[in-house]
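Participant: Here is a sequence with its predicted model. Questions after.
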Amino acid sequence: MDSMTLSWAVGIVVLVIASGLIYRLMVLIPGERLMRCPEQGVITFVEVKPASPGDANPSGVTVHHCGLWAGKKDCGQGCLERYKETAQGFLIDRNALRTFE
């Protein structure tokens, strides 16, 4: 393989990796919202999905994934009280991240 072919191959691999990272940042992460956990008091990313029809949650959504679930999977999902105050992705509303009283 000559050096020109190797340069093109490396360039294509770098382009594919960079495209994957950009895709991850622009498409996958914005589905999450930055929220404060009322139980732990910390701020984390929370991914939500529509709630089932019989669910009594007033926000109409349920937590699908939370950054704190390593040790706290079956929490009360109290963070959803402020769901409508939050924005998708990296947009931050300081008022929505205030501490729970």
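Facilitator: Here it is on my side, so go on. These numbers were taken from a predicted model, which means no experiment stands behind them.

Participant: so residue 82 makes contact with residue 33?
Facilitator: No - under the contact definition of Cβ atoms under 8 Å, residue 82 does not touch residue 33, with a separation of 9.5 Å. (Each C-beta comes from the backbone N, C-alpha and C, glycine too.)

Participant: For the closest residue to residue 39 other than its chain neighbours, which three-state class applies?
Facilitator: Once its chain neighbours are removed from consideration, residue 39 has its nearest residue in residue 75; the separation is 6.0 Å (Cβ to Cβ, 6 or more residues apart in numbering). Residue 75 falls in the coil class when you classify it by DSSP: H, G, I helix; E, B strand; the rest coil.

Participant: Surely residue 75 touches residue 38?
Facilitator: No - judged on Cβ under 8 Å, residue 75 makes no contact with residue 38 at a distance of 9.1 Å.

Participant: Return the alpha-carbon coordinates of the strand ranked longest in the chain using CSV.
Facilitator: In the chain, taking DSSP state E as the definition, the longest strand is strand 43-50. Presented in CSV, the C-alpha positions along strand 43-50 are these (Å, rounded to 0.1, in the frame of the first residue of the first chain):
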residue,chain,number,x,y,z
ILE,A,43,-28.0,17.5,39.0
THR,A,44,-27.9,14.8,36.3
PHE,A,45,-29.2,14.0,32.8
VAL,A,46,-32.6,12.3,32.8
GLU,A,47,-34.2,10.7,29.7
VAL,A,48,-38.0,10.5,29.6
LYS,A,49,-40.6,8.7,27.6
PRO,A,50,-44.4,9.1,27.4
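
Participant: Can you give the distance of the helix or strand just after that strand from its chain's centre?
Facilitator: Downstream of strand 43-50, the first helix or strand assigned by DSSP states H and E is strand 61-66. Chain-centre distance of strand 61-66: 10 Å, with Cα atoms, centre = their mean, to the nearest Å.
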